[in-house]
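>>> need a 3D model of the sequence below.
(one chain, ligands or ions: 1)
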Amino acid sequence: MKSSQSLPDTPPDRYRGWHWVTTLWPYLMEYRWRVMAALLCLVAAKLASVSMPFLLKYQVDHLSSVDKQGIAPADWWLWFPLGLLLAYGAVRFLNVFMGEVRDLLFGRVTERAMRRMALKVFEHLHTLSLEFHLNRQTGALQRDIERGTNGISFLLRFMIFNIIPTFLELFLVIGLLLANYPPVFGIITAVAVVAYVAYSVKVTEWRTHYVREANRMDSTTHARALDSLLNYETVKYFTAERREAEAYDSALAQWEQARRMNRFSLFSLNSGQALIVSVAMGSMLLFAAYYVLIGRMTLGDFTLVNAFMFQLFVPLNFLGFVYREIKASMANIERMFELLDEQSAVKDNGTEPLHIRKGEVVFNNLQFAYQPERPILKGLSLTLEAGKTLAVVGASGAGKSTLTKLLFRFYDAQQGDILIDGQAIQSVPQQQLRQVLGIVPQDTVLFNDTLKNNLLYARPQATDAELTDVIRMAHLQKLVNECPAGMETVVGERGLKLSGGEKQRIAIARMLLKRPAIMVFDEATSSLDSHTERGIMAEIREVSRGHTALIIAHRLSTVVDADAIAVIDDGQVVEQGTHQQLLAGGGAYAALWQAQQQSDGVEQTDAEEK
Ligand SMILES: Nc1ncnc2c1ncn2[C@@H]1O[C@H](COP(=O)(O)OP(=O)(O)OP(=O)(O)O)[C@@H](O)[C@H]1O
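Model prediction:
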């Protein structure tokens, strides 16, 4: 399994604390009136909630004051408790209703914040270098974004509408108890709340490790299963089903163990919380009963204390969960912030507009290494003359594709420059640079969309006639005609429903549709049969006529017509000239030519015919 360079479990110190508040603040401000209205609803709901026990108290006091014979139905005294009952019902409804209105109003705020944040990260990811993306598992990256945006929603909702109001209510209730009743009630409530919060925080901290471990194992088992299923064919080729199942099961066993510890820690948290709540409520009721017995409190007061306790401890019970989730949300958001802080190794700070005059490309004394200890290009110099075709050949791994990556500025060379018509590519905006370049890459990856949309990706405004033209040039008519859905055929994830050669032809067609000034063909026909290859090479010659073209090829027979051929070895150009000149030179190219001719009789005949 590939190792994922995921973000570290514990975020660095600079992300701790209230960093997220300042980041999220602008999103709250975007809908400030909604936020204000939601807060008003919150206050209304809380006032309703605090008044409920009082209504209950008056009710009970009134009912217990009626003597055993009851009262006549016409007596106005009868209507008082009925009015209270109605008020109680109305206030209870108001409490719930205001909560719902609040959610309705605030939902929009959280969704907008999620949308803005997700877009920001998405755009940022597209600015990061290829190296960053190569080092990451896309799935893990996507999970980081998903968790981050969900984290925002959770944090906004629960911080503003759970934690803060719960504490507001606590202060309100403790104040009311202290003002109206013997101090013992307020004191017990305060002590219980402090004990409850302290215990919840402590135990939550302790169990975070188990929660994280369970989550990690959950991701690992998923990744294991996914990797195995993605490699479905390889598993069959090597009859490795048993091995795969065992590896999956061993990951599952670790997940099971992690879940066990997680459950145990949850048990400790919940039982401890329940104990604190029960002791507090029990002692409050004990005192309340005592005060009723000695006549200092009424039955209504007894009911009120009981009701307050219920009202307080229900959200408090929830606090353990909310605290844990808020911590997790903060960690997830911090991961997302780390992504946003990630800087591209390749800086896009060129400001000169790119002026294409002829389309000459010069690679000037390039030195480049992906890893410092392993140089790939060692002072390579090469000129692509304007309007000419230059072929680059050389052993596998010699650094040919690396040249194209440097040209597209996926990486910057450590030394040396690349100049287009005399302008260093670093000095121009990347967008402008890439607009004048077209490539048929070694491995074509397609969007999981229709053939047509994959082609139009190069130039969405292209006409049908232009599409038909490039389809013909890239020899794609047969494929389009044979597929029942024609151009509307969906090509599957990464284009996996097409053959290697078909994908290459689509890549050729869409590059032709882009009509770039400089064309790069990186082994553009390597997956094609010799017949189709010849046809397409003829088309490539045709379309690249008058354009600057760089052709990277393994099969030398495909580049014998090039205006110049450069042979790369050990990070340098070791030979350069036309096919005939290089053959006559009897050097590396001639040797390569001989070797290929021997191994491919058909190609030999083809080349001799030329
Ligand atoms: N992102 C990367 N990180 C580290 N090394 C890399 C990276 N990309 C390529 N390499 C290494 O750089 C060397 C040159 O790669 P490159 O793709 O340029 O070779 P190539 O000449 O195009 O080979 P081929 O003909 O097989 O396509 C290879 O040895 C490869 O392993």
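>>> what parts of the stretch 251-400 of the chain come near the ligand?
Counting by Cβ under 6 Å from any ligand atom, the residues of the stretch 251-400 of the chain close to the ligand are Tyr370, Gln371, Ile376, Gly394, Ser396, Gly397, Ala398, Gly399, Lys400. Heads up, the C-betas are built off the backbone N, CA and C, glycines and all.
>>> narrow those to those that are buried.
By neighbour count, with 16 or more other Cβ atoms under 10 Å, these hold Ile376, Gly394, Ala398, Gly399, Lys400 as buried.
>>> surely the second one is in contact with Thr402?
I take that to be Gly394. No. Using Cβ atoms under 8 Å, Gly394 makes no contact with Thr402, being 11.0 Å away.
>>> any idea which helix or strand carries the nearest residue to Leu312 once chain neighbours are set aside?
Once flanking residues are discounted, Leu312 sits nearest to Val173: 5.9 Å by Cβ to Cβ, 6 or more residues apart in numbering. The secondary structure element spanning Val173 is helix 164-180 (assigned by DSSP states H and E).
>>> against which helices or strands is the helix or strand just after that helix packed?
Using DSSP H and E, the helix or strand that follows helix 164-180 in sequence is helix 183-230. Applying 3 or more Cβ pairs under 8 Å, 6 or more residues apart in numbering; DSSP states H and E, one finds that helix 183-230 makes contact with helix 138-158, helix 164-180, helix 241-293, helix 299-341.
>>> adding mean pLDDT, distance to Met36 and mean neighbour count, write those out as TSV.
Formatted as TSV, the helices and strands packed on helix 183-230 follow (pLDDT from 0 to 100; distance: least, Cβ to Cβ, whole Å; neighbours: other Cβ atoms under 10 Å):
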stretch	mean pLDDT	distance to Met36	mean neighbour count
helix 138-158	78	15	18
helix 164-180	83	15	16
helix 241-293	90	34	15
helix 299-341	80	23	19
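>>> Phe93: neighbour count?
Using other Cβ atoms under 10 Å, Phe93 has 11 other residues around it.
>>> hang on, the earlier thing: got the helices and strands packed on helix 183-230 as a markdown table, with distance to Ile439 columns?
As requested, the helices and strands packed on helix 183-230 are exported to a markdown table (distance: least, Cβ to Cβ, whole Å):
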| stretch | distance to Ile439 |
| --- | --- |
| helix 138-158 | 21 |
| helix 164-180 | 54 |
| helix 241-293 | 37 |
| helix 299-341 | 28 |
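>>> quick one on the thing from earlier: pick out the most distant pair among the residues of the stretch 251-400 of the chain next to the ligand.
Greatest spatial distance in those: Gln371 and Gly394, 20.4 Å, computed using Cβ to Cβ.
>>> list the contacts for the closest residue to Phe318 other than its chain neighbours?
Closest residue in space to Phe318, ignoring its immediate chain neighbours: Asn162 at 7.2 Å, by Cβ to Cβ, 6+ apart. The contact partners of Asn162, by Cβ atoms under 8 Å, 6 or more residues apart in numbering, come to Pro315, Phe318, Leu319, Val322.
>>> run through the residues of the stretch 401-550 of the chain sitting next to the ligand.
Residues of the stretch 401-550 of the chain lying near the ligand (Cβ under 6 Å from any ligand atom): Ser401, Thr402, Gln442.
>>> most neighbours out of the residues you listed, which is it?
Ranked by neighbours (other Cβ under 10 Å), those are led by Thr402, which has 22 neighbours.
>>> that residue and Met330, how far apart?
In this view, Thr402 and Met330 are 41 Å apart by Cβ to Cβ, to the nearest Å.
>>> tell me where the stretch 501-610 of the chain has strands.
Counting by DSSP state E, counting those that start in this stretch, the stretch 501-610 of the chain has strands at residues 518-522, 548-552, 564-569, 572-577.
>>> so can I have JSON lines of those strands showing mean neighbour count?
Output for the strands of the stretch 501-610 of the chain, formatted as JSON lines (neighbours: other Cβ atoms under 10 Å):
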{"stretch": "strand 518-522", "mean neighbour count": "25"}
{"stretch": "strand 548-552", "mean neighbour count": "25"}
{"stretch": "strand 564-569", "mean neighbour count": "22"}
{"stretch": "strand 572-577", "mean neighbour count": "17"}
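>>> would you turn those into TSV with distance to Leu94?
Below are the strands of the stretch 501-610 of the chain laid out as TSV (distance: least, Cβ to Cβ, whole Å):
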stretch	distance to Leu94
strand 518-522	69
strand 548-552	73
strand 564-569	79
strand 572-577	81
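>>> pLDDT wise, what is Leu130 at?
Looking at Leu130, its pLDDT stands at 83.
>>> what about it, neighbour count?
Quick note: Leu130 (other Cβ under 10 Å) scores 15 neighbours.
>>> contact partners for it?
Lys405, Phe410, Tyr411.
>>> distance check, the residue lying closest to Leu156 once chain neighbours are set aside against Ile163.
Leaving aside its sequence neighbours, Leu156 sits nearest to Thr110 (Cβ to Cβ, 6+ apart; 5.0 Å). Distance, Thr110 to Ile163, by Cβ to Cβ: 15 Å.
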